[in-house]
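Asks: Any chance you can model this:
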Amino acid sequence: MEIDKSNTTNPSNEAPNAVRNKYLARLLPVIKQRGFSHLRIDDIVRSMDISKATFYKHFSSKEEIIELVVEMIIGYLKQMATQLEDEAAPYVQRFQHIFGQSLLLASYLSDTFLLDLRQVFPSLWERLKQAQQERQRYIQRFYEQGLAAAVFQPINPILVVLQDELMLGNIISPIFLVEHNLTLHTLLYDYYTLQKYQWLVPEARSQVDDTPVKDYIDMMARKISLRMHVDT
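Replies: I've put the predicted structure just below:
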């Protein structure tokens with residue numbers, strides 16, 4: 001459920017695409033926070049923690065960076081949809097995947113970035129929007145199947161997508177957390193619990209193993225909190 005790749009190997013031993021993706025992953029939090037229209041090459045290089053020589057070894061321009069970032073996100077959205085089609089995985093497990101996916105997307109996509117993209121690269125914005133809508137259709141079909149299998153509550157499945165988009169962006173906002181005197185970890189788990197009660201029938205809910213989600217929330221809360229600290 002990750003976009004980030006840990007920096008545990010020597011870049012010289014990695015495939016070129018893997019190296020570029022690692023550098024792009026370092027830039028994603030900055031783009032989420034500030035957008036990209038005002039970023040200079042110096043800002044990008046600093047965020048990637050590389051030299052200008054290394055930057056131009058892997059990238060040709062700021063425009064190419066944005067194209068590659070969008071391609072990375074679109075690829076991840078398609079991967080998300082594929083996970084939901086894996087009928088070998090139980091419904092409750094795929095339900096948990098949706099929560100993890102939505103949290104990860106919320107931690108990287110922001111209105112600031114999307115507005116920049118729509119204004120500066122409308123064709124890329126349109127492609128990204130189409131990929132988001134395709135994932136939403138997969139989620140809707142998945143919930144309809146789970147409803148027929150008596151795993152999910154009889155609620156319009158499109159609401160889960162809308163709720164995630166509206167709620168998770170606020171939950172991971174440092175301003176929201178400070179105003180309400182809340183901790184990110186606790187609020188994320190409370191939101192996950194809320195979703196369980198909304199979407200799973202009691203029989204399915206009683207069989208859920210929350211350990212993987214707790215571990216994922218721990219990891220994401222640390223990463224998001226670290227970025228909040230760096231941004232301030």
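Asks: I74: neighbour count?
Replies: Neighbour count of I74, defined by other C-beta atoms under 10 Å: 17. Placement of C-beta: from N, CA and C, glycine included.
Asks: The one 5 residues further on now?
Replies: Q79 is flanked by 13 other residues according to other C-beta under 10 Å.
Asks: does it belong to a helix or a strand, and which?
Replies: Per DSSP states H and E: Q79 is located in helix 62-84.
Asks: which element follows that helix toward the C-terminus?
Replies: Next element after helix 62-84 (DSSP H and E): helix 91-108.
Asks: Residues contacting the next helix or strand after that following helix, please?
Replies: Toward the C-terminus, helix 91-108 is succeeded by helix 111-120 as the next helix or strand (DSSP H and E). Helix 111-120 has contacts (C-beta atoms under 8 Å, 6 or more residues apart in numbering) with 31-37, 66, 70, 124-125, 128, 169.
Asks: one more time with 6 Å, if that's ok
Replies: Contact partners of helix 111-120, identified using C-beta atoms under 6 Å, 6 or more residues apart in numbering, comprise 31-32, 35-37, 124-125.
Asks: Please apply the same query to stretch 194-201.
Replies: For stretch 194-201, contacts defined as C-beta under 6 Å, 6+ apart pick out 152-153, 205.
Asks: Now, of those residues, which are buried?
Replies: For those, a burial check counting by 16 or more other C-beta atoms under 10 Å picks out 152-153.
Asks: Turn the contacts of stretch 194-201 into TSV, columns for pLDDT.
Replies: Conversion of the contacts of stretch 194-201 to TSV gives the following (pLDDT from 0 to 100):
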residue	pLDDT
F152	95
Q153	93
R205	94
